[in-house]
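Visitor: Generate a structure from the sequence data that follows.
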Amino acid sequence: MSAGDEGALRSAPIPPGWDRAVDLDRDPSVIPDPAELEVPAELRSFIEERMAMYPDRHSAALPALAAAQKLHGWCSPEAIDQVACVMRVTPAYLASIVTFYDMLKAEPSGRNTVYVCTSVACCLVDAKTVYDAIAEAGADLADTEIREFECLGACDMAPMASVNGRFVGPLTTEDAPAIVQAIAAGEEVLPGRGLGDGGRG
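Guide: Modelled structure (predicted):
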């Protein structure tokens, strides 16, 4: 199946460093020392609250990394070290999670994110066309990552998108200019049509 085929699998970016051999001469990965690493108070408080919600603190890794990503713009080495310090795990453990989960960014790619779901439920209601319209309208949008997403788990809003973590939908191609304009102006995207908005319908 060629890359130009309509049904061809979309290639996913390969995590950085996947092809580098293990350096056996390096010191083993260690948990950052709280006495040597400064962690923003708000981030520390959030992570500690999330760890308290689970019987095993490791279960808080995803929300903790998401919070660090929101603060730093991506899961930078500094962000990972800060999370590792609070969670008392190694940065290597967290880095393996960052490179596995699609919503976590191992490289800087824009503070604004627009993830358009093009999985089965959304695809059946023309989500790919919606994505194409948003991508075209936002081609020159600064500091913004616009891409397709495999599944966002909000099938009842199909076709839908996550804009900076806020779920909006159902969407049509006519919504694309309004979405891009709101992001450029730093305003809420499609007020009343987000998940949990009273006026959504």
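Visitor: Which residue comes closest to P63 once chain neighbours are left out?
Guide: Distances taken as CB to CB, 6 or more residues apart in numbering put R50 closest to P63, at 4.8 Å, once the chain neighbours are dropped. Yep, even glycine has a C-beta here, placed from its N, CA and C like the rest.
Visitor: can I assume V130 is in contact with L171?
Guide: Yes - with contact defined as CB atoms under 8 Å, V130 reaches L171; the gap is 5.0 Å.
Visitor: Give me the local confidence score for the residue lying farthest from the centre of the chain.
Guide: Here the chain reaches farthest from its C-alpha mean at D25, the gap being 33.5 Å by CA atoms, centre = their mean. According to the prediction, D25 has pLDDT 73.
Visitor: Could you tell me whether it really is in a strand?
Guide: No - the assignment for D25, made by DSSP: H, G, I helix; E, B strand; the rest coil, is coil rather than a strand.
Visitor: All the helices of this protein, in order from the start?
Guide: 41-51, 61-72, 77-87, 91-98, 120-123, 127-137, 176-185 (DSSP state H).
Visitor: Same list (those helices) but as CSV, adding distance to C155 and mean pLDDT.
Guide: Shown next, in CSV, are the helices of the chain (distance: least, CB to CB, whole Å; pLDDT from 0 to 100):
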stretch, distance to C155, mean pLDDT
helix 41-51, 26, 98
helix 61-72, 21, 95
helix 77-87, 31, 97
helix 91-98, 25, 94
helix 120-123, 4, 92
helix 127-137, 11, 97
helix 176-185, 20, 96
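Visitor: what touches both of V130 and L171?
Guide: V116, P159, A161 (CB atoms under 8 Å, 6 or more residues apart in numbering).
Visitor: between the residues you listed, which has the most around it?
Guide: A161 (30 neighbours; other CB atoms under 10 Å).
Visitor: quick one: that one from L43, how far?
Guide: 27 Å (CB to CB, to the nearest Å).
Visitor: can you check Y131 too?
Guide: Taken as CB to CB, the span from Y131 to L43 is 32 Å.
Visitor: same check, this time on A64
Guide: From A64 to L43 the distance is 8 Å (CB to CB).
Visitor: which of these two has more neighbours?
Guide: Legend: neighbour count by other CB under 10 Å for A64 and L43, higher for A64 (28 against 19).
Visitor: quick one: pLDDT of the nearest residue in space to F167 that is not next to it in sequence?
Guide: Leaving out its chain neighbours, the residue that sits closest to F167 by CB to CB, 6+ apart is L195, at 3.9 Å. Note on L195: pLDDT of 91.
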